[in-house]
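Enquirer: Please find the sequence and the predicted model below.
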Protein chains: 2
Amino acid sequence: MVKESAASGGLEWRINMQDGSSKVLVPERVPRTRVCGALQGFFMGFLFNLWGFILKAWNIGLNDPKKFIHCIKVGLALCLVSVFYYMRPLYRGVGGNAMWAVMTVVVVFEYNVGATLCKCVNRAIGTCLAGALGVGVHWIASQSGHRFEPIILQLSVFLLAAAATFSRFIPSVKARFDYGAMIFILTFSLVSVSGYRVEKLFELAHHRLSTIMIGTSICIITTMLFFPVWAGSELHNLIRNNMEKLADSLDGCLVDYFGNDANADNTKNEAPKKILLGSKCVLGSKATEESLANFARWEPAHGGFSFGHPWKEYLKVGASLRSCAYCIEALNGSINSDAKAPDVLKAHFSKFCLRLSSSSALVIKELSTVINTMKKSTKISLIVQEMNNAVEELQNALKSFSEQSTASLTVPKLEESDNGAGDTIASPALVQIVPLVTVSSLLMEIAARTEKIAEAVNSLANKAEFKVESDEIMKNQCNSRTQKF
Amino acid sequence: MVKESAASGGLEWRINMQDGSSKVLVPERVPRTRVCGALQGFFMGFLFNLWGFILKAWNIGLNDPKKFIHCIKVGLALCLVSVFYYMRPLYRGVGGNAMWAVMTVVVVFEYNVGATLCKCVNRAIGTCLAGALGVGVHWIASQSGHRFEPIILQLSVFLLAAAATFSRFIPSVKARFDYGAMIFILTFSLVSVSGYRVEKLFELAHHRLSTIMIGTSICIITTMLFFPVWAGSELHNLIRNNMEKLADSLDGCLVDYFGNDANADNTKNEAPKKILLGSKCVLGSKATEESLANFARWEPAHGGFSFGHPWKEYLKVGASLRSCAYCIEALNGSINSDAKAPDVLKAHFSKFCLRLSSSSALVIKELSTVINTMKKSTKISLIVQEMNNAVEELQNALKSFSEQSTASLTVPKLEESDNGAGDTIASPALVQIVPLVTVSSLLMEIAARTEKIAEAVNSLANKAEFKVESDEIMKNQCNSRTQKF
């Protein structure tokens, strides 16, 4: 028992001491060093964990320096609001009205401009509406005698709080006025529960509204003037990046399958993960897209985006991207499944499959360029046509292969089929071609869904009135021609 | 012009009056009725829209009565907190401490118990931590003379607000302590910006803490005692429902393809939508699952769930469900694509495909029963085995079909192949079989992913220590046997 406890670690040194009491000095020395060791180990472990946490946090910031800037902006806004109150004599500490300005800044300041504006507007509207209603209910209650006053107040709080809470479940209200409904409940309860007379309430309302205005205007100024992060631009970039990732993932998936099959054993486990990460990003960004589109509607014109920019179209593009990503995910699954096609067949089909996948990826990349430059592409119809040609070619390859194989089937050399790698493909069993047929038809489905992405981007380009890419080039060419004549 | 404007609607009646001044009575009468009509129309339209909105909102509540109950609970909690203050003499209106209790209730009360507890704990910890730090900084600042006092205060607000804001970007902090970080910033700014001396701050802190405690305890009591909505149960039910939807959608998808092809034209457009809705639910529930799992960790033991219930395992089950749903979505796409297999082939393969799809659906349904009853199934390994047999059978069918077709190919009756519907299947071109091969191999992929779901559910069952379903039955059987002997 003694040896066991000694071996199990420094924490159980007491047992060791009680049992080994016959030895005078040795047991005393051992526990001390052990306690020190254990403490040191614990301390080092804690420091190590803390260091790891800080390093991880630091990397989060380094990957997206806008996050560092946001933190500085929050600090700045808070300093501004407190400086504002240091300078004014009306400041009377936490209990007074100063706290409403500080609170507004802390609660309302969000990462992007749209979210901040949305919360500011919601806070202002909610406070005004609830304040007016509260004063009204207060007046009615005060007119109806001491008996009914608390009953009317309580009933109104109950009913309006329940109604406002329910409105937050309605999707259209939740998307725009969720925060406003909460502020409505808060303000109405505070006003109608308060013991003030109606005359004093007006003064209070005036003070509170002015402090909220100070808070919101400091927030709006800080968020819009110092390195603004626009929800609209974020959505725009997110969709563009997702498109590029999707194209890369589609490309990589097929190259991985057909291309480097010789050294497949080494890279097999790493490459698919990298590819999957790309399509996982697309698959998991629905919630982010929706919230960004909601916030973008509140933003004024910025960059190339006007106030009425059709942000909802981005959601449709996002949905079409995801629908394509589902197929790529399924394709990836069937590529990594156990059923393997013979190399001869793979070599025969690789040309057509790779052509189709790369032309689909090209379409997606061109569409991402359309979104990036906000200019309609003149090439896009050509590239889509090329993709459709690739689809047809793959279909023809399947067709001609089936004819070829029926022709070779009449030759009785069935046994040698696996070895034949010459000009004519020997007939394989149908089972062997199953994985290739699956890959081919999933690729065709991906091509069909890529066309849907093109339609969605086209609809976005029309509604957002993107210019035609080569308008200026064409004009220049026309000018140079007319100068020649 | 007069006729045009008259025809275009009642809003332009002024033009009509000015031009038709020669007629004495008729023009006067016409505008009046038009104005009335327009107003009536506008009013009716408004009422109609409002009625539609209310009806929609009412249906949201009817579909999930728990939402109505939540609204009543919010009203109740607010009434409780205000009654509490009506009865106490320390109440001094909005400016006093009463507002902190009201505010706590409004801000902290959430739909499910976990979210409410999470916010309560966050609010308490954030307030205490920031209060202590704020008092400390205040003391240091007050010791360092009039010159440095504001500088130290401002600097500390800036630094701590920036640091706390940054911590909200770290995923592990955001998942648990997002609200606490906000409350920390709020309290620290309020305390350090305030002009009170340190002695008065202690009194203030005591008051504020006690009011927050009153608010949080009213929230916790109301949310846990009156029809509690547990985040854990919600997550549990969500996963179970998603499983059932997935199984139905898989079943429906295949039945739709193979089954009623005769009357396909009528139902074609409706059935896939219904099927898609099921898998769309699964595909879109990632964010909900994650937030519910986050909140469920805060909840005490309830129903069949202990405090340390492995909620994270539900997320893994959810992820495996989505991975299966991707494949079903791709399958649905290729079923609805233009390429159609000939009916003869469909009839030949329908048996095998339907068997595989229904056995996969059966596995998923059995797994949903496991989750529903929280008891390990003894049948599950048998059903999974059956599904694997169905996979093998489908593979064999493809194999034997390829042999059969190679045999029939040697017969030179290639032209009649499409008409032959007898006992032996005539040889089709390879292209014709492409859709069927795709469906088959996607089904096999779905079966593979269904096994992954089974693994995830099994891991959940082990970690949550589900009992074996038929333990009691077995015991009963043993007892009856021993009684016989």
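Expert: Done, it's in. Numbering: from 1, shown residues only, chains lettered A, B, ... in the order given.
Enquirer: where do the strands sit along chain A?
Expert: A:375-376, A:467-468 (DSSP state E).
Enquirer: elements contacting the last one?
Expert: Going back to what we said before, that points to strand A:467-468. With contacts taken as 3 or more CB pairs under 8 Å, 6 or more residues apart in numbering or on different chains; DSSP states H and E, strand A:467-468 sits against strand A:375-376. (C-beta placed from N, C-alpha, C; glycine too.)
Enquirer: how about the strands of chain A in a markdown table, adding mean pLDDT, distance to B:P310 and mean neighbour count?
Expert: As requested, the strands of chain A are exported to a markdown table (pLDDT from 0 to 100; distance: least, CB to CB, whole Å; neighbours: other CB atoms under 10 Å in any protein chain shown):
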| stretch | mean pLDDT | distance to B:P310 | mean neighbour count |
| --- | --- | --- | --- |
| strand A:375-376 | 86 | 52 | 18 |
| strand A:467-468 | 80 | 55 | 12 |
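Enquirer: wait, which of these is closest to A:R449?
Expert: Closest to A:R449 of those is strand A:375-376 (CB to CB; 21.3 Å).
Enquirer: That closest one - contacts with which helices or strands?
Expert: strand A:467-468.
Enquirer: Pretty sure A:T369 sits against A:K379.
Expert: No - if you go by CB atoms under 8 Å, A:T369 and A:K379 don't touch, sitting 9.2 Å apart.
Enquirer: hang on, the earlier thing: A:T288: which of the strands of chain A is closest?
Expert: Across these, A:T288 has its closest neighbour in strand A:375-376 (25.7 Å, CB to CB).
Enquirer: Partner strands of that closest one, with direction?
Expert: Strand A:375-376 pairs in its sheet with strand A:467-468 (parallel), by DSSP bridges.
Enquirer: Measure how buried A:T187 is and give me the count.
Expert: 24 (other CB atoms under 10 Å in any protein chain shown).
Enquirer: Once you drop chain neighbours, what's closest to it?
Expert: Here the nearest residue to A:T187 in space, its sequence neighbours aside, is A:A130; by CB to CB, 6 or more residues apart in numbering or on different chains that works out to 3.7 Å.
Enquirer: Now do the helices in the stretch 151-300 of chain A.
Expert: In the stretch 151-300 of chain A, the segments counted as helices under DSSP state H, counting those that start in this stretch are A:171-193, A:198-225, A:231-254, A:264-267, A:271-283, A:286-296.
Enquirer: what do you get for the stretch 351-485 of chain A?
Expert: A:380-410, A:430-463, A:471-484.
Enquirer: Near chain B, which residues of the stretch 101-250 of chain A are found?
Expert: A:102-103, A:106-107, A:150, A:153-154, A:157-159, A:161-163, A:165-167, A:169-170, A:182, A:185-186, A:189-191, A:193-196, A:204 (CB under 8 Å from any CB of the partner chain).
Enquirer: Can I get the strands of chain A in CSV including distance to B:E451?
Expert: Compiled in CSV, the strands of chain A are given as follows (distance: least, CB to CB, whole Å):
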stretch, distance to B:E451
strand A:375-376, 47
strand A:467-468, 52
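Enquirer: looking at chain A, which helix or strand is least sure?
Expert: helix A:2-7 (a mean of 40; mean pLDDT, DSSP states H and E).
Enquirer: Now the phi/psi pair for A:G304, please.
Expert: Torsion angles at A:G304 (phi, psi; degrees, to the nearest 10) stand at phi -90, psi 10.
Enquirer: how many other residues sit next to it?
Expert: A total of 14 residues lie near A:G304 under the criterion other CB under 10 Å.
Enquirer: What of A:V173?
Expert: A:V173 - counted by other CB under 10 Å - has 17 other residues nearby.
Enquirer: Over to A:S320?
Expert: Per other CB under 10 Å, the neighbour tally for A:S320 reads 20.
Enquirer: Pull the contacting residues for it.
Expert: Taking CB atoms under 8 Å, 6 or more residues apart in numbering or on different chains, we find A:S320 in contact with A:R449, A:K452, A:I453, A:E455, A:A456.
Enquirer: could I get those as TSV with neighbour count?
Expert: Compiled in TSV, these are given as follows (neighbours: other CB atoms under 10 Å in any protein chain shown):
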residue	neighbour count
A:R449	22
A:K452	16
A:I453	24
A:E455	14
A:A456	21
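Enquirer: wait, A:L398 sits on B:V434?
Expert: Yes - using CB under 8 Å, A:L398 is in contact with B:V434, at 6.3 Å.
Enquirer: Residues in contact with both of the two, list them for me.
Expert: A:V437, A:S440.
Enquirer: So what does A:P342 have for phi and psi?
Expert: Torsion angles, degrees, to the nearest 10, at A:P342: phi -60, psi 150.
Enquirer: So what's the residue count around the nearest residue to it once chain neighbours are set aside?
Expert: In space, and not counting its chain neighbours, A:P342 is closest to A:Q432: 5.5 Å by CB to CB, 6+ apart. A count of nearby residues for A:Q432, using other CB under 10 Å, gives 19.
Enquirer: those helices in the stretch 1-150 of chain A, which residues are they?
Expert: Going by DSSP H, counting those that start in this stretch, the stretch 1-150 of chain A shows helices at A:2-7, A:13-19, A:26-63, A:66-87, A:98-108, A:113-143, A:145-167.
Enquirer: now the residue nearest to A:T187: how far from chain B?
Expert: 11 Å (CB to the nearest CB, to the nearest Å).
Enquirer: on that earlier part again, and chain B, which of the contacts of A:S320 reach it?
Expert: With the criterion set as CB under 8 Å from any CB, the members of these near chain B are A:R449.
Enquirer: Could you export the contacts of A:S320 as a markdown table, including pLDDT?
Expert: Compiled in a markdown table, the contacts of A:S320 are given as follows (pLDDT from 0 to 100):
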| residue | pLDDT |
| --- | --- |
| A:R449 | 90 |
| A:K452 | 91 |
| A:I453 | 92 |
| A:E455 | 91 |
| A:A456 | 91 |
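Enquirer: quick one: which of the contacts of A:S320 is nearest to B:D256?
Expert: Checking the contacts of A:S320 one by one against B:D256 (CB to CB), the nearest turns out to be A:R449, at 20.0 Å.
Enquirer: wait, that closest one sits on A:S323?
Expert: Yes - the pair A:R449 and A:S323 qualifies as a contact (CB under 8 Å) at a distance of 5.4 Å.
Enquirer: Now the common contact residues for the two.
Expert: With CB under 8 Å, 6+ apart, A:R449 and A:S323 have common neighbours B:G333.
Enquirer: Flag the shaky bits of the stretch 151-300 of chain A, pLDDT-wise.
Expert: In the predicted model of the stretch 151-300 of chain A, residues A:195-199, A:260-276 satisfy pLDDT under 70.
Enquirer: residue contacts, the one residue in the stretch 201-350 of chain A that gets nearest to chain B?
Expert: Chain B sits closest to A:A330 of the stretch 201-350 of chain A, with a gap of 3.7 Å, by CB to the nearest CB. Shown in contact with A:A330 (CB under 8 Å, 6+ apart): A:L442, B:Y326, B:C327, B:E329, B:A330, B:L331, B:L442, B:E445.
Enquirer: Over to A:T127?
Expert: A:T127 makes contact with A:I183, A:T187, A:R208, A:L209, A:I212 under the criterion CB under 8 Å, 6+ apart.
Enquirer: For A:I60, state which of the contacts of A:S320 is nearest.
Expert: A:I453 (31.0 Å).
Enquirer: Disregarding flanking residues, what is the spatial nearest neighbour of the closest one?
Expert: A:S320 (4.5 Å).
Enquirer: ok, so what distance separates that neighbour from A:K375?
Expert: Computed as CB to CB, to the nearest Å, the A:S320 to A:K375 distance reads 20 Å.
Enquirer: For stretch A:160-178, output the C-alpha coordinates as CSV.
Expert: Taking C-alpha atoms only, stretch A:160-178 is exported to CSV below (Å, rounded to 0.1, in the frame of the first residue of the first chain):
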residue,chain,number,x,y,z
LEU,A,160,-48.5,44.7,-22.3
ALA,A,161,-45.5,42.7,-21.1
ALA,A,162,-47.2,39.5,-22.3
ALA,A,163,-48.2,41.0,-25.6
ALA,A,164,-44.7,42.5,-26.3
THR,A,165,-43.1,39.2,-25.3
PHE,A,166,-45.4,37.3,-27.7
SER,A,167,-44.5,39.7,-30.5
ARG,A,168,-40.9,38.6,-30.1
PHE,A,169,-41.9,35.1,-31.3
ILE,A,170,-43.3,36.5,-34.6
PRO,A,171,-40.4,36.0,-37.2
SER,A,172,-40.9,39.4,-38.9
VAL,A,173,-40.9,41.3,-35.6
LYS,A,174,-38.0,39.3,-34.2
ALA,A,175,-35.9,40.0,-37.3
ARG,A,176,-36.2,43.8,-36.8
PHE,A,177,-37.6,44.8,-33.5
ASP,A,178,-36.6,42.2,-31.0
